[in-house]
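*Asks:* I'd like to go over a predicted model; first the sequence, then the structure.
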Amino acid sequence: MVSNQPNMHHPYLTAEQLDNWKGLKGNITFTPNYIDLVRGIWNTIAWYYAPHMWRDYVFPQSFINEFLRYFYFPLNQVYYIVYIAIAITFLRYAFEKFVCKPLVNWLDLTTLNKNKFPESAWKCLFYTCTWAFNVYLLHYCYDYFHQPYLIWDDWAPGMSVPFNIKLMYFIQCGFYLHSIYGTLCMDYKRKDFYAMLLHHVLTMTLIFVSYATRYHKIGLLVLFVHDITDIWLELAKALHYLSLRRGGRECPRWETAANVCFVMFLLSWFLFRLYWYPIKVLYSTGVVTAYRAYDKGCGLYGFFNSLLWILFGLNVYWLYFILQLLFRVLSGSSNGLEDTREAEEESISTSTKTPKNNVLNEDLKNKKEK
């Protein structure tokens with residue numbers, strides 16, 4: 001266990017705030033669990049939101065001043081992100097046109113699955129590449145995953161960012177900027193449309209702000225624990241789309257493979273997003289920061305942690321859809337891995353038709369397309 005070791009020098013804290021920080025109760029542990037997280041967050045909230053810590057705080061001016069004080073992001077670097085987002089968009093259009101379209105036509109998929117497959121295939125490819133690069137950074141270049149408390153030991157406002165981390169950040173930020181456009185104009189519309197938009201905006205804001213405030217090390221952990229689940233999810237969906245062909249023909253081997261991927265997705269969701277994310281990320285940013293880095297000038301504590309906790313709330317929210325799908329599969333009420341965000345609207349469109357009519361209508365659509 002490590003206790004709070006105060007530093008008497010702080011350029012922005014008042015003497016009263018510094019005294020209050022030195023009196024921060026509790027301690028931190030290098031091997032936290034959920035109980036440690038709850039206790040630590042309780043102590044830090046009681047400290048950070050104490051009335052005298054906010055005596056001279058005037059919103060929004062004080063927030064703007066604090067934000068600008070720690071914000072280091074040259075305008076030319078913003079251009080790089082925009083260029084990367086545009087490049088990713090063109091790459092996706094090319095991938096869908098020259099790879100996915102010939103593939104789905106050759107496999108003779110249904111019209112609906114032809115529209116869905118390219119999105120999942122593209123996301124699976126992108127997440128696999130970026131997550132592999134993140135694994136390389138966290139396990140071969142740095143040791144922030146196994147020792148996240150080391151993140152704050154050399155933190156300083158405006159500190160230089162290594163090129164490999166900067167590259168990872170710009171690609172990820174560009175991708176989520178593209179994803180806002182993709183959700184609006186390219187992706188198949190689902191019931192959680194607005195939640196997805198919120199997710200993209202929130203994630204891009206987290207990436208952008210964490211880089212500008214030099215919290216890039218914790219950002220690597222956030223990306224690491226989230227991208228792995230997206231790989232299994234998109235792979236499971238893509239394999240599911242391959243299981244149904246025109247004319248009602250089914251390919252059960254693709255559906256079996258999709259079920260295996262769904263099990264891996266479910267396990268990784270609980271392990272990475274619901275266990276390691278709060279233990280590795282939320283504990284480090286919410287608890288360790290207060291004890292080991294606040295006296296070094298780590299600002300935007302409340303703002304940054306609020307965004308991370310909202311992201312955790314979205315993870316719990318999407319768990320509802322996951323468990324709903326699991327229940328439907330186990331109870332036999334679902335024909336394979338139907339996306340519960342799509343099932344309702346699809347069932348409405350098909351409930352008034354017989355299977356025979358569905359096949360005939362599909363054939364008519366295909367003839368019109370030709």
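*Replies:* That came in fine, so what should we check first?

*Asks:* thought Ile228 was touching Trp131?
*Replies:* Yes: checked against C-beta atoms under 8 Å, the pair Ile228 and Trp131 is within contact range at 5.6 Å. Where you see a C-beta, it was placed from the backbone N, CA and C, and this is true even at glycine.

*Asks:* which of these two has more neighbours?
*Replies:* Applying other C-beta atoms under 10 Å to Ile228 and Trp131 shows that Ile228 carries more neighbours, namely 23 against 18.

*Asks:* Doesn't that one lie inside a helix?
*Replies:* Yes: under DSSP: H, G, I helix; E, B strand; the rest coil, Ile228 sits within a helix.

*Asks:* which residues does it contact?
*Replies:* Residues near Ile228 by C-beta atoms under 8 Å, 6 or more residues apart in numbering: Tyr127, Trp131, Ser268, Phe272.

*Asks:* cutoff 10 Å now
*Replies:* 127-128, 131, 134-135, 264-265, 268-269, 271-273, 276 (C-beta atoms under 10 Å, 6 or more residues apart in numbering).

*Asks:* Restricted to helices, list those.
*Replies:* Residues of the contacts of Ile228 located in helices (DSSP state H): Tyr127, Thr128, Trp131, Asn134, Val135, Met264, Phe265, Ser268.

*Asks:* Go through those residues and name the one nearest Val201.
*Replies:* Closest approach to Val201 among those (C-beta to C-beta): Tyr127, at 18.6 Å.

*Asks:* distance of Leu233 from Leu167?
*Replies:* Using C-beta to C-beta, to the nearest Å, we find Leu233 at a distance of 25 Å from Leu167.

*Asks:* Please say which of these two ends up with more neighbours.
*Replies:* Leu233 (24 against 15).

*Asks:* Could you say which helix or strand holds the more buried one?
*Replies:* Element membership for Leu233 (DSSP states H and E) is helix 216-241.

*Asks:* now the contacts of Ile228: which count as buried?
*Replies:* For the contacts of Ile228, a burial check counting by 16 or more other C-beta atoms under 10 Å picks out Tyr127, Thr128, Trp131, Asn134, Met264, Phe265, Ser268, Trp269, Phe272, Arg273, Trp276.

*Asks:* So what's the residue count around the spatially closest residue to Thr213 that is not a sequence neighbour?
*Replies:* Using C-beta to C-beta, 6 or more residues apart in numbering and skipping residues adjacent in sequence, the residue nearest Thr213 is Tyr70, 4.7 Å away. Residues contacting Tyr70 under the criterion other C-beta under 10 Å number 19.

*Asks:* contacting residues for Tyr70?
*Replies:* Going by C-beta under 10 Å, 6+ apart, the list of residues near Tyr70 reads 12, 157-158, 209, 212-215, 297-300, 304.

*Asks:* Rebuild the buried ones among the contacts of Ile228 as a markdown table, extending it with distance to Pro32.
*Replies:* Output for the buried ones among the contacts of Ile228, formatted as a markdown table (distance: C-beta to C-beta, whole Å):
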| residue | distance to Pro32 |
| --- | --- |
| Tyr127 | 27 |
| Thr128 | 30 |
| Trp131 | 24 |
| Asn134 | 22 |
| Met264 | 26 |
| Phe265 | 26 |
| Ser268 | 21 |
| Trp269 | 20 |
| Phe272 | 16 |
| Arg273 | 17 |
| Trp276 | 11 |
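
*Asks:* which of these sit farthest apart?
*Replies:* Farthest pair in the buried ones among the contacts of Ile228, by C-beta to C-beta: Thr128 and Trp276, 19.1 Å.

*Asks:* My read is that Val281 contacts Thr289, right?
*Replies:* No: using C-beta atoms under 10 Å, Val281 makes no contact with Thr289, being 11.1 Å away.

*Asks:* what is in contact with the two at once?
*Replies:* Contacts common to Val281 and Thr289, judged by C-beta under 10 Å, 6+ apart, are Ile218.

*Asks:* out of the two, which sits in the more crowded spot?
*Replies:* Thr289 (24 against 21).

*Asks:* Determine whether the claim that the more buried one is in a helix is correct.
*Replies:* Yes: counting by three-state DSSP, Thr289 is located in a helix.

*Asks:* Report how many residues lie close to the nearest residue to it once chain neighbours are set aside.
*Replies:* Counting by C-beta to C-beta, 6+ apart, Cys298 is the residue found nearest to Thr289 once chain neighbours are left out, at 5.6 Å. Residues lying near Cys298 (other C-beta under 10 Å) number 21.
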